[in-house]
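1. coords please:
(chains A and B)
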2 protein chains.
Amino acid sequence: MKEISILDSTLRDGSQGEGISYSVQDKINIVKALDELGVSYIEAGNPGSNPKDMEFFAEAKKLKLEHSKIVAFGSTRRKGIKCAEDANLQSLLAADTDVVCIFGKTWDFQVTDIIHATLEENLEMIRETVEFLVAHKKEVIFDAEHFFTGYNENAEYAMKCLEAAASGGAKILCLCETKGGMLPMQCYNMTKDVTARFGKIAAIGVHTHNDSGCAVANSLLAVEAGATHVQGVLLGFGERTGNANLSSIIADLQLKMDCSCIPAENMQNLTPICKRVAEITNIALEAGMPYVGSSAFAHKAGMHIDAVIKNPFAYEHVTPESVGNERVFLMSEVAGKSMIVEKVQKFDKTLTKSSPIVAEIVNRVKELEHQGYQFEGADASFEILVRKAIGKYQPFYNLHYYKTSGEFPRFADDQSAFAQFKIDVDGKVVVTAGDGDGPVNALDVAMRKALEQFYPNVAQIHLTDYKVRVLDGKGATASRVRVLIESSDGDEHWATMGVSSDVIEASYIALVDSFEYKLIKDLERKFGKLM
Amino acid sequence: MKEISILDSTLRDGSQGEGISYSVQDKINIVKALDELGVSYIEAGNPGSNPKDMEFFAEAKKLKLEHSKIVAFGSTRRKGIKCAEDANLQSLLAADTDVVCIFGKTWDFQVTDIIHATLEENLEMIRETVEFLVAHKKEVIFDAEHFFTGYNENAEYAMKCLEAAASGGAKILCLCETKGGMLPMQCYNMTKDVTARFGKIAAIGVHTHNDSGCAVANSLLAVEAGATHVQGVLLGFGERTGNANLSSIIADLQLKMDCSCIPAENMQNLTPICKRVAEITNIALEAGMPYVGSSAFAHKAGMHIDAVIKNPFAYEHVTPESVGNERVFLMSEVAGKSMIVEKVQKFDKTLTKSSPIVAEIVNRVKELEHQGYQFEGADASFEILVRKAIGKYQPFYNLHYYKTSGEFPRFADDQSAFAQFKIDVDGKVVVTAGDGDGPVNALDVAMRKALEQFYPNVAQIHLTDYKVRVLDGKGATASRVRVLIESSDGDEHWATMGVSSDVIEASYIALVDSFEYKLIKDLERKFGKLM
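-> Predicted structure coming up:
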């Protein structure tokens, strides 16, 4: 088994992605998550360029990490000065980490035309900077900026830069694909050449971007070519098209290429940790992300489902459990009964394909799908449907009516609608009103006001996504629409759906399912059993 | 230069993706877009498994395509019957396409344990099916299902299956990675082996999925190994983690691997066509998608921007123009003026990029795009915007107000809302009312009643499609929505758009543009000149 050290740069290169920004506490939480996963290095920021990072490094110092070393990131000294005079390097030392990663130019054009140094000068900057940091007892990773382009344009000089870093005492020489766009065979061949020359005096690493859609493959091929260090970002975000996705790379290396990147027993935490990092980053974890996305082990086409249950090896490249993910059978018209049975058995193990209640649910699902429901995307609505069919459901309130009104010109900049909502719970009647930006928003406001009087936990629900799809545009403004709502209470995520030719009604149906699902789960948590 | 034929399966394998579903009109629009891009084959559906697909094939027959051939998809005949008796194959013939793609088992386990046939029987099923289709003058692509797993488990048998298809007369043998998870080197080696054996009697193709995060790279390596046919989905969606992303593959092959997949001059349409397909599919085009995403050429880190301007080669792997995309400096966006100039010149040929009015329109477009407009999909709204800027627009009426109300329980089976609409035209005031299925429908009814009093031709307008897209689901029920309306008067089709956090308001804006566009065109027809 080959040992591969992983450097996660979520907090440094990843945070260059559009819309990504972290508080110090976010960063601490991500460090904890990555340490729990067990990566070797966590590149956490550039103390020289970002004063906020200093505060983080001070905080991070207090953490007791089990697997990971924190890495401070910076560049080689500026030209024309000594290392000790370089403010950037002083900041790097002040960050007080055991490991430092510095980047230096290795593409001749960048040296002469961008930083306006001589080629010889740049070699000295690299060697001296590494020596300086090693003298201060740092473990040094050298990030060879633009290495692949540099190698293409002037391989001899690019190699001299690595030589300078190695002779300065760098432990890892990391080949960085700064502008991106490398193809797999190129990456393989260049890494092979570098490994042949330097593989005995330093570990060879690779740092790729996804501009040609090959960041993961490029990293894997670099390992095939002898690299033993891989840099990337757990969820693959970053500038432009993103950094190499480490969740894919770790799973590929560990499950398929006989490499060890993280402790074997942590592989089953991969999906939960990716979810947590997405949550802290405040982004949705892409459903289609390899290994860890919610669709990664989802099966749809009807004819396959029986087969998957019979023999997962026939349709899955790895088991979902091996990466802490779950197999999902998507509800859909073409799907057979078997997956409905699986859902129903959660409530009653004695039910089988031939139970009348199962046939009834199948018919109900077919009827609703004909109307435009698509339960594959709405697990919570499907659970409520099953509950209603088998008598495991009680309404939480009784609706008298809702009314909405909208108007233009708007009555306030962010208000154009008004809603009224009347319900009773066990005979206790409340009427509430809300205003908002459009009638759906106003109704949402009024509903919460009413429900929170009886069920305070409704306040914990926030809607994380709201989607509207017109099902058959030919009905034009009277077309049937499907509303999909994704909700979260911080712990759990769930999705609900409503269909109607009235967008307010469709939204109302999805909102009710969402609120009720939360209340049911709260009851289950409270009583520690399926309700 | 190596010729590579591309098969796009957006409408077949892609539509297996979660939440993807197309109307017949959507499918026709996607066929047009793919033909405009210039792929060789468009796999459009499985006429045997889905009766709705038959309607599509009949419609598609009427299209005059310039580059692409429509492909119907199905499977080898069932065991124990003759091809002529197989209902599925009859449907394939009934679809009346020049090209047919059939999949057959090539993994021994699937033959014996899933379809319970003997290995010999399966070979006959493959050979006879291909022969049958060839006898009916079809060009046949054979999709070797589970080929890579089959090859791993029993290479000799997998090869025999290809042999059967080839001897039956298949023009293309496509190696399919059905369960996904292949690694690049494996894909390369297997394809090399197949090419060596069959490369002289058939074209070798590859069909990969992204379960190991390597679908694009696997496709490229298959081409390196001798494949000349690549199957995938333009935007990479599909079951589980998705199909191989053709927008990345086409760009990689064409710009970096000296291959020809589509006419060279069409490369600059890649991004606009991807945007259009995303819009029809009602999904957001991923910002980070290689080559075509809005962030693919976005530059953030301050220190780079000067350098990029000075020398794009220093920081970009290809130019954004080469794929019809745009460079974006995240802090100060520089929008492409050329498309705006083109539109404006329709009205005034003397206008150029440096005309102040063009700069004004660019600013207005930027502002609206920031709000969520996307004029690629709304030609008529864009024309009205240009007309407003250059003074070629007069309002057809003056809105006093509209008011809508909706309620539940509904007041009739198909009625849940009421609207009131007040306008004047040249001082003549009318107030109308409408009821309908939801407030948008009620407003549409009331608007038409009012406008038809002045402009009887409004009655000719019917809305052929109505789409709602939530732009940032995080605002939940107060999220900004983009409404896209497609209209027709029997002769012409046009599309308009409105954006607001109130779905009624967004719909109103799009409706007004649609009605006004029709009235402007009528005036132009009447007076035989641009108005």
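2. contacting residues around the helix or strand that A:Tyr466 is a member of?
-> Taking DSSP states H and E as the definition, A:Tyr466 sits inside strand A:462-470. With contact meaning Cβ atoms under 8 Å, 6 or more residues apart in numbering or on different chains, strand A:462-470 is reached by A:284, A:444, A:479-489, A:493, A:503, A:506-507, A:514, B:19, B:282, B:465-470, B:473-477, B:479, B:481, B:503. The C-beta positions use only the backbone N, C-alpha and C, and glycine is treated the same way.
3. for that strand, list every residue counted as buried.
-> Judged by neighbour count (16 or more other Cβ atoms under 10 Å in any protein chain shown), strand A:462-470 contains these buried residues: A:Leu463, A:Thr464, A:Asp465, A:Tyr466, A:Lys467, A:Val468, A:Arg469, A:Val470.
4. swap in stretch A:402-419?
-> Neighbour-count burial for stretch A:402-419, counted by 16+ other Cβ under 10 Å, picks out A:402-408, A:410, A:415-419.
5. strands of the stretch 101-250 of chain A, start to end?
-> Taking DSSP state E, counting those that start in this stretch, the strands of the stretch 101-250 of chain A run over residues A:139-145, A:172-176, A:203-207, A:229-232.
6. ok now the last one, how far from the chain's centre?
-> The gap between where strand A:229-232 is centred and where its chain is centred comes out at 18 Å by Cα atoms, centre = their mean, to the nearest Å.
7. by contact count, what packs against that strand?
-> If contacts are counted by 3 or more Cβ pairs under 8 Å, 6 or more residues apart in numbering or on different chains; DSSP states H and E, strand A:229-232 sits against strand A:5-8, strand A:172-176, strand A:203-207, helix A:215-224, helix A:246-256.
8. mind putting these into TSV with mean neighbour count?
-> Formatted as TSV, the helices and strands packed on strand A:229-232 follow (neighbours: other Cβ atoms under 10 Å in any protein chain shown):
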stretch	mean neighbour count
strand A:5-8	26
strand A:172-176	27
strand A:203-207	27
helix A:215-224	29
helix A:246-256	26
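9. quick one, helices of the stretch 301-450 of chain A?
-> For the stretch 301-450 of chain A, applying DSSP state H, counting those that start in this stretch gives helices covering A:302-310, A:338-345, A:356-371, A:379-390, A:439-454.
10. please work out which of those helices is packed deepest.
-> helix A:439-454 (a mean of 23; mean count of other Cβ atoms under 10 Å in any protein chain shown).
11. residue of the stretch 201-350 of chain A nearest chain B, please.
-> Nearest residue of the stretch 201-350 of chain A to chain B: A:His317, at 2.4 Å (Cβ to the nearest Cβ).
12. and that residue, how far from B:Thr178?
-> As judged by Cβ to Cβ, to the nearest Å, A:His317 and B:Thr178 stand 10 Å apart.
13. then A:Ser295?
-> 16 Å.
14. now A:Lys529
-> Shown here: A:Lys529 relative to B:Thr178, a distance of 40 Å by Cβ to Cβ.
15. same thing with A:Pro409?
-> From A:Pro409 to B:Thr178 the distance is 57 Å (Cβ to Cβ).
16. and A:Val277, by the same measure?
-> Distance, A:Val277 to B:Thr178, by Cβ to Cβ: 31 Å.
17. one more: A:Thr149?
-> Taking Cβ to Cβ, one finds A:Thr149 at 37 Å from B:Thr178.
18. just A:Ser507 next, same as before
-> Applying Cβ to Cβ to A:Ser507 and B:Thr178 gives a distance of 39 Å.
19. the helices in the stretch 51-200 of chain A, which residues?
-> According to DSSP H, counting those that start in this stretch, the helices that the stretch 51-200 of chain A contains are A:51-61, A:87-94, A:108-109, A:119-135, A:147-168, A:184-198.
20. quick one: closest of these to A:Glu360.
-> helix A:184-198 (52.7 Å; Cβ to Cβ).
21. helices or strands up against the closest one?
-> Counting contacts by 3+ Cβ pairs under 8 Å, 6+ apart, helix A:184-198 is packed against helix A:147-168, strand A:172-176, strand A:203-207, helix A:215-224, helix B:215-224.
22. what pairs with A:Gly205 across the strands?
-> Taking DSSP bridges as the rule, A:Gly205 bridges to A:Cys174, A:His229.
23. doesn't A:Ala170 make contact with it?
-> No. Under the criterion of Cβ atoms under 8 Å, A:Gly205 is not in contact with A:Ala170, lying 10.3 Å apart.
24. need the residues touching each of those two.
-> Joint contacts of A:Gly205 and A:Ala170 (Cβ under 8 Å, 6+ apart) are A:Ile141.
25. low-confidence stretches in the stretch 351-500 of chain A?
-> Within the stretch 351-500 of chain A, the segments meeting pLDDT under 70 span A:376, A:472-474.
26. ditto for the stretch 201-350 of chain A
-> Along the stretch 201-350 of chain A, segments meeting pLDDT under 70 span A:300-306, A:330-338.
27. could you redo the last one with a cut-off of 50?
-> Flagging of the stretch 201-350 of chain A using pLDDT under 50 yields the residue ranges A:303, A:333-334.
28. strand partners (parallel or antiparallel) of the strand ranked longest in chain A?
-> For chain A, the strand with the greatest residue count under DSSP state E is strand A:398-408. Applying DSSP bridges, strand A:398-408 is found paired with strand A:417-425 (antiparallel), strand B:398-408 (antiparallel).
29. neighbouring contacts of the first one?
-> By Cβ under 8 Å, 6+ apart, the list of residues contacting strand A:417-425 from outside reads A:396-407, A:429-439, A:441-443, A:445-447, A:449-451, A:454, B:502, B:504.
30. specify the beta-bridge partners of A:Gly436.
-> With beta bridges defined as DSSP bridges, A:Gly436 has these partners: A:Ala417.
31. quick check: it touching B:Ser479?
-> No. Between A:Gly436 and B:Ser479 there is no contact under Cβ under 8 Å: 11.6 Å.
32. ok so, going back, A:Lys529 and B:Thr178: which is more packed in?
-> Neighbour comparison, A:Lys529 and B:Thr178: the larger count goes to B:Thr178, with 24 against 8 (by other Cβ atoms under 10 Å in any protein chain shown).
33. per-residue pLDDT of the more buried one, please?
-> B:Thr178 carries a pLDDT value of 89.
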